[in-house]
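# need a 3D model of the sequence below.
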Amino acid sequence: MPKFRPNVAAIIINKEGEILVCERKNDRGAWQFPQGGVDGEETELEALEREVMEEVGIPASDYKVKESREGYYYFYPAKTKLKKKWDGQKQTYFLCVLKKKAKGVYLGSNNKEFRDFDWVLPEDFDATWLPAFKLEVYREVMQDFFGLEI
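I've put the predicted structure just below:
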């Protein structure tokens with residue numbers, strides 16, 4: 001029986017209707033939504049708030065969670081699986097809308113996850129930005145939240 005790490009991911013939308021995508025620090029050209037594991041006894045919402053703050057510098061007071069959906073799974077690639085105690089991740093996605101007075105994204109100089117970020121319209125999200133092992137989840141997420149096929 002596979003073991004999946006509980007994980008949360010944030011789809012953050014700005015006032016122009018664009019979504020935040022971030023380029024992985026150690027994988028140039030790989031773009032994704034902010035995400036991370038649920039630690040210890042924290043709730044998924046607490047994990048979301050912590051991960052969004054750690055990865056893109058946006059405090060929970062700067063966005064409103066509009067919707068969440070769960071039940072997305074992916075397996076780690078074989079090389080990654082050797083380093084982990086999990087076989088993959090079980091994700092809950094949160095649709096977050098930035099408030100009018102939100103300060104915006106701040107990656108900081110020592111960001112462990114991301115090197116860059118951009119805002120794109122959901123229909124402009126490009127499946128080629130994703131590592132192969134995440135592609136099916138992103139297809140499901142873009143369909144479920146935006147009715148889009150990528």
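
# so which helix or strand of the protein has the lowest pLDDT on average?
When each helix and strand of the chain is scored by mean pLDDT, DSSP states H and E, helix 78-81 comes last, with a mean of 76.

# next secondary structure after it?
strand 88-98 (DSSP states H and E).

# what ranges does this structure have for its strands?
4-13, 19-24, 31-32, 35-37, 63-75, 88-98, 114-120 (DSSP state E).

# quick one, the lengthiest helix in the chain and strand 63-75 angle?
Longest helix in the chain, counting residues (DSSP state H): helix 132-146. Interaxial angle, helix 132-146 versus strand 63-75 (axes from the mean of the first three to the mean of the last three Cα atoms, to 10 degrees): 140 degrees.

# closest to Ala127 out of the strands of the chain?
strand 31-32 (10.5 Å; Cβ to Cβ). Yep, even glycine has a C-beta here, placed from its N, CA and C like the rest.

# which residues does the residue nearest to Gln143 when sequence neighbours are not counted contact?
Leaving out its chain neighbours, the residue that sits closest to Gln143 by Cβ to Cβ, 6 or more residues apart in numbering is Glu149, at 6.4 Å. Glu149 is in contact with 139, 142-143, counting by Cβ atoms under 8 Å, 6 or more residues apart in numbering.

# try it again with 10 Å
Counting by Cβ atoms under 10 Å, 6 or more residues apart in numbering, Glu149 touches 123, 127, 139, 142-143.

# also Met1?
Met1 touches Asp87, counting by Cβ under 10 Å, 6+ apart.

# hmm, back to that, dump the contacts of Glu149 into JSON lines; add neighbour count and pLDDT as well.
Below are the contacts of Glu149 laid out as JSON lines (neighbours: other Cβ atoms under 10 Å; pLDDT from 0 to 100):
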{"residue": "Glu123", "neighbour count": "12", "pLDDT": "97"}
{"residue": "Ala127", "neighbour count": "13", "pLDDT": "95"}
{"residue": "Arg139", "neighbour count": "15", "pLDDT": "97"}
{"residue": "Met142", "neighbour count": "19", "pLDDT": "98"}
{"residue": "Gln143", "neighbour count": "12", "pLDDT": "98"}
